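Peer 1: have a look; sequence and predicted model below, questions after that.
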Amino acid sequence: MGKPTGFKEFNRELPQTKRPEERINDYNEIYLEFAEEKTQKQAARCMNCGVPFCHNGCPLGNNIPDFNDAVYEKDWALAIEILSKTNNFPEFTGRICPAPCEGSCVLGINKPPVAIELIEKSIAEKAFELGYIKATPPAVRTGKKVAVVGSGPAGLAAAAQLNKAGHWVTVFERDDKIGGLLMYGIPDFKLEKWVVNRRVEVMKEEGIVFKTKVNVGVDVSGKELLDEFDAVVLCAGSTVPRDLPIPGRDLKGIYFAMDFLSQQNTRVTGGKVSPWRTQEDIWATGKDVVVIGGGDTGSDCIGTSNRHRANSVNQLELLSQPPLERTPNNPWPLWPMILRTSSSHEEGAVRNFSIHTKEFLGDGNGNVRAIKVVNIEWKTGADGRMQFVELPETEREMPCDLALLAIGFLHTQPGGILTELGIKQDERGNIIGNQYQTNVEKVFVAGDARRGQSLVVWAISEGREAARAVDLYLTGSTLLEAKDESLLSVAALR
């Protein structure tokens, strides 16, 4: 352990950001440079706990204390070696992960937790700078061919691991650029796209083939994939958005958040809007914007609206405002259910909690002009479940000529290859994958398409685990890393 007393000597420190009034002038990442020496001090705060709960908090099971120690010792080669064993894309998670590991950090019991996300990003960027991250094609090929459908974080992770095992991997993507949610869902001010492209180039050099503008189930059938490939991994994500079926929903000016965000990402990268996305030109400039939904996607809509120079931005959240600190029923090491203020909120937005959206109101010409809302109060019902009660005296109209629905996603896209091959889905619409294998023997599934809407870090974990299942299915054994060796058996997969 490099600095046994580091947690007592150094306080938590993160990179400073550009001033809000400055950063809304572009779509670049908002953080300023952070000195290497400061990163080492942050790594020194790790206590090398007897039981590192951060392992359990991380969906990937990252060996956090060990790479922290390597950073403190300036051994960047060892740090990236340790991190890469469990995480294929630390440059992604180091930027956009909500860091559940930090919520489980033992130091976080009575002090600010170790800045694990920052350290992870620093390791990745230093490794690229020093040439430690480079193409490493497998020395031996198995001759087996695997198709990965979808190039989001789950698809990329599955492809990277399967290629590492020596299989020939082809990734199919219906958009014109690789990256899925990373490319089209997350704004550049959180994740600049050169970061994604840089990694994709490494993967290409390692032998992975990427095919864009190929909509599996439309441009190529499921039968064709099964005929050409020894296994198929479905990583299509959870792409069907949750709607808000209230009066006035058919008015113009009401959009799903992902239509708004993907279109702006396309503008920034200079690409073209894919034919399966909305073709309407969506701008927040000069408008009264109402973002319905209080999560990360809603926050991304706020940041993008600010950069469009919206006239006003209101965010509506059905739930009550979270507390500033943990409550007794939310103890460590559980994820802290506390109020979080994103960089987008800092740039300007009114946050409204315990608000129920009742109706979209029109201007007489088919356009939305306002939203009828009412305050609510949450109470415990007779069945023990929480339910809300409207406070009628608070009913009012909120100006709105652009409404963005950021209330989550239901399930993966139905039909297409799922219907053609008879792939089973659960009652929620997610693809059923027993040990990541569907009811069709050669077809596997990973990521949000299997588990439902979740975090990027969970998608990467799913992709890795599915790749191990595929490798075991194809060869009868596997050397790919796993979080739980007991989960898979050859007999179960055949």
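Peer 2: Everything's here; your move. Residues are numbered from 1 along each chain as shown.

Peer 1: show me where the stretch 151-300 of the chain has strands.
Peer 2: 168-172, 209-211, 231-234, 240-241, 254-256, 288-292 (DSSP state E, counting those that start in this stretch).

Peer 1: out of the ones you listed, indicate the one that is most buried.
Peer 2: Greatest average neighbour count among the strands of the stretch 151-300 of the chain goes to strand 231-234 (a mean of 29), per mean count of other Cβ atoms under 10 Å. Bear in mind the C-beta positions are built from the backbone N, C-alpha and C, glycine included.

Peer 1: which secondary structure elements does it contact?
Peer 2: strand 145-149, helix 153-164, helix 222-228, strand 443-445, helix 456-475 (3 or more Cβ pairs under 8 Å, 6 or more residues apart in numbering; DSSP states H and E).

Peer 1: and A124, which of the ones you listed is closest to it?
Peer 2: helix 456-475 (13.1 Å; Cβ to Cβ).

Peer 1: counting contacts, what elements does the closest one pack onto?
Peer 2: helix 90-96, helix 153-164, helix 181-184, strand 231-234, strand 443-445, helix 448-451, helix 490-493.

Peer 1: columns mean pLDDT on top of the ones you listed, output as CSV?
Peer 2: Supplementary listing: those in CSV, determined by pLDDT from 0 to 100:
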stretch, mean pLDDT
helix 90-96, 97
helix 153-164, 98
helix 181-184, 95
strand 231-234, 98
strand 443-445, 98
helix 448-451, 97
helix 490-493, 62
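
Peer 1: distance to E280 added to the ones you listed, as CSV?
Peer 2: Compiled in CSV, the helices and strands packed on helix 456-475 are given as follows (distance: least, Cβ to Cβ, whole Å):
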stretch, distance to E280
helix 90-96, 27
helix 153-164, 28
helix 181-184, 16
strand 231-234, 29
strand 443-445, 32
helix 448-451, 25
helix 490-493, 45
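
Peer 1: how near is A446 to T297?
Peer 2: Noted for A446: a distance of 21 Å to T297, by Cβ to Cβ, to the nearest Å.

Peer 1: look at the two and report which has more neighbours.
Peer 2: The residue with more neighbours, out of A446 and T297, is A446; 32 against 24, by other Cβ atoms under 10 Å.

Peer 1: in contact with that one, which residues?
Peer 2: 154-155, 157-158, 233-235, 433, 436, 459, 462-463, 465-467 (Cβ atoms under 8 Å, 6 or more residues apart in numbering).

Peer 1: do that again at 6 Å, thanks
Peer 2: 154, 158, 235, 436, 462-463, 466 (Cβ atoms under 6 Å, 6 or more residues apart in numbering).

Peer 1: same thing with E347?
Peer 2: 20, 24, 306.

Peer 1: which residues does F92 contact?
Peer 2: Per Cβ under 6 Å, 6+ apart, neighbours of F92: none.

Peer 1: quick one: which of the helices and strands packed on helix 456-475 is nearest T269?
Peer 2: Evaluated with Cβ to Cβ, the helices and strands packed on helix 456-475 place helix 181-184 nearest to T269, the distance being 7.6 Å.

Peer 1: now tell me what touches the closest one from outside.
Peer 2: By Cβ under 6 Å, 6+ apart, helix 181-184 touches 152, 177, 196, 262, 265.
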